[in-house]
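Trainee: Have a look; sequence and predicted model below, questions after that.
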Amino acid sequence: MSDSLADYYQSHWAQVEADRMARYEAMFQWRDSHEVLIAPAQIEPGQRVADYGCGPGALSVELARRVGDTGQVLALDINSDFLERTRNFAEQAGLSARVETQQVANDRIQSPDTSVDRVICKNVLEYVPDPELTIAEFHRILKPGGIAHIIDSDWGAALLEPLGEQFIRIMSAANIAFKTPLIGRNLYGICRKLGFQDIRVQVLANPDTAGGMRPVLHNMVSYARTAGTLEETELTTFLEQVDQAVADRTYLAILPQFLVTARR
């Protein structure tokens with residue numbers, strides 16, 4: 001890997017190009033189907049909740065609705081544009097007073113010890129330089145009895161059919177975008193090592209047969225294109241084949257999500 005791509009796993013989040021930002025705005029909207037992802041965090045009125053890696057802000061605003069007038073959401077991200085979009089989204093929803101934003105630098109959270117009731121971290125730790133250090137920060141800022149709820153992928157268990165062989169090639173090239181692509185299976189052990197208690201693990205592996213993962217696959221192709229190890233014709237053909245598989249109703253994609261809920 002060239003030196004210029006050595007930190008791409010994180011730098012591609014600090015600066016997001018317009019077409020990828022548009023995909024994120026669509027992908028990260030709150031949907032009722034996401035309820036199963038955050039229910040184990042037990043969000044309640046009056047809580048102070050940190051949303052680590054808030055992205056464009058849809059989850060932060062949903063959390064702000066749940067914590068009520070006496071609660072607060074701390075939206076954290078390395079991308080200043082994401083934070084601005086989060087503030088704008090909160091303002092549009094009439095929830096600005098409940099949402100505070102903070103830009104993360106050097107993987108440290110600028111919050112006092114034992115200052116939050118919950119930490120939510122959704123599909124972020126596969127990109128951070130040191131997941132153990134980041135989760136240790138979650139432990140530090142949580143109040144005694146507080147909960148860290150971490151949701152993340154495990155790309156080693158992902159599948160795409162009937163394009164399995166092509167998918168493996170694309171993912172191999174796109175690997176520059178991930179620091180820890182197998183983070184899902186590592187979360188339990190890290191939380192145990194750091195002293196969390198009452199650690200609970202769920203694995204959701206819902207099949208996508210309608211093409212819902214196509215925006216994710218477009219992102220993988222953009223990462224592979226950046227890596228420069230595959231021909232452009234292979235990348236464009238892959239996306240065409242995905243669309244054809246969806247049209248033919250032979251498409252099946254699964255990306256397991258590990259949900260790890262741990263109490264300080």
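Mentor: Happy to help now that I have it. Numbering: from 1, shown residues only.

Trainee: what's in contact with stretch 66-75?
Mentor: Contact with stretch 66-75 is made by 43-51, 54, 57, 60, 63-64, 83, 86, 98-102, 111, 116, as judged by CB atoms under 8 Å, 6 or more residues apart in numbering. Yep, even glycine has a C-beta here, placed from its N, CA and C like the rest.

Trainee: among the residues you listed, which are in helices?
Mentor: Using DSSP state H, the members of the contacts of stretch 66-75 that fall within helices are Ser60, Leu63, Ala64, Leu83, Thr86.

Trainee: Would you mind checking the contacts of stretch 66-75 for buried ones?
Mentor: Buried members of these, scored by 16 or more other CB atoms under 10 Å, are 43, 47-51, 54, 57, 60, 63-64, 83, 86, 98-102, 111, 116.

Trainee: picking that back up, so which of the contacts of stretch 66-75 are in strands?
Mentor: Among the contacts of stretch 66-75, the members found in strands (DSSP state E) are Arg48, Val49, Ala50, Asp51, Val99, Glu100, Thr101, Gln102, Val116.

Trainee: And the fourth one, how far from Thr236?
Mentor: Same thing as Asp51. Asp51 is 36 Å from Thr236, where distance means CB to CB, to the nearest Å.

Trainee: At which residues are the strands of this structure located?
Mentor: For the chain, applying DSSP E gives strands covering 48-52, 72-77, 99-103, 116-122, 142-153, 159-161, 197-204, 252-254, 257-263.

Trainee: The fourth one packs against which elements?
Mentor: The contact analysis (3 or more CB pairs under 8 Å, 6 or more residues apart in numbering; DSSP states H and E) places strand 116-122 against helix 35-38, strand 48-52, helix 58-67, helix 131-141, strand 142-153.

Trainee: how about Val221, what does it touch?
Mentor: Ile170, Ala174, Leu235, Phe238, Leu239.

Trainee: now Leu163
Mentor: Taking CB under 8 Å, 6+ apart, one finds Phe238, Gln241, Val242, Ala245 in contact with Leu163.

Trainee: Could you say which of those residues is surrounded by the most neighbours?
Mentor: The residue in the contacts of Leu163 with the most neighbours, by other CB atoms under 10 Å, is Val242 (23 neighbours).

Trainee: wait, doesn't it sit right on Arg214?
Mentor: Yes. When contacts are counted by CB atoms under 8 Å, Val242 is listed as touching Arg214 (6.3 Å).

Trainee: give me the low-pLDDT residue ranges for this structure?
Mentor: The chain contains residues with pLDDT under 70 at 1-3.

Trainee: any idea which helix is longest in it?
Mentor: Under DSSP H, the chain gives helix 232-248 as its longest helix.

Trainee: and that one, what does it pack onto?
Mentor: With contacts defined as 3+ CB pairs under 8 Å, 6+ apart, helix 232-248 has these neighbours: helix 164-174, helix 214-227.

Trainee: Using TSV, please lay out those helices together with distance to Ala26.
Mentor: Output for the helices and strands packed on helix 232-248, formatted as TSV (distance: least, CB to CB, whole Å):
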stretch	distance to Ala26
helix 164-174	20
helix 214-227	6
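
Trainee: and among these, the most buried is which?
Mentor: Among the helices and strands packed on helix 232-248, ranked by average contacts under mean count of other CB atoms under 10 Å, first place goes to helix 214-227 (a mean of 19).

Trainee: quick one, that one and helix 232-248 angle?
Mentor: Angle, helix 214-227 to helix 232-248, by axes from the mean of the first three to the mean of the last three CA atoms, to 10 degrees: 170 degrees.

Trainee: how many neighbours does Pro181 have?
Mentor: Neighbours around Pro181, by other CB under 10 Å: 19.

Trainee: Could you pull up the residues touching the closest residue to it other than its chain neighbours?
Mentor: Nearest non-adjacent residue to Pro181, counting by CB to CB, 6 or more residues apart in numbering: Trp155, 4.1 Å away. Contacts for Trp155 (CB under 8 Å, 6+ apart) come out as Glu126, Met171, Phe178, Pro181, Leu182, Leu255.

Trainee: What about the third one? Give its phi and psi, please.
Mentor: Phe178 has phi and psi values of phi -130, psi 130 when expressed as degrees, to the nearest 10.
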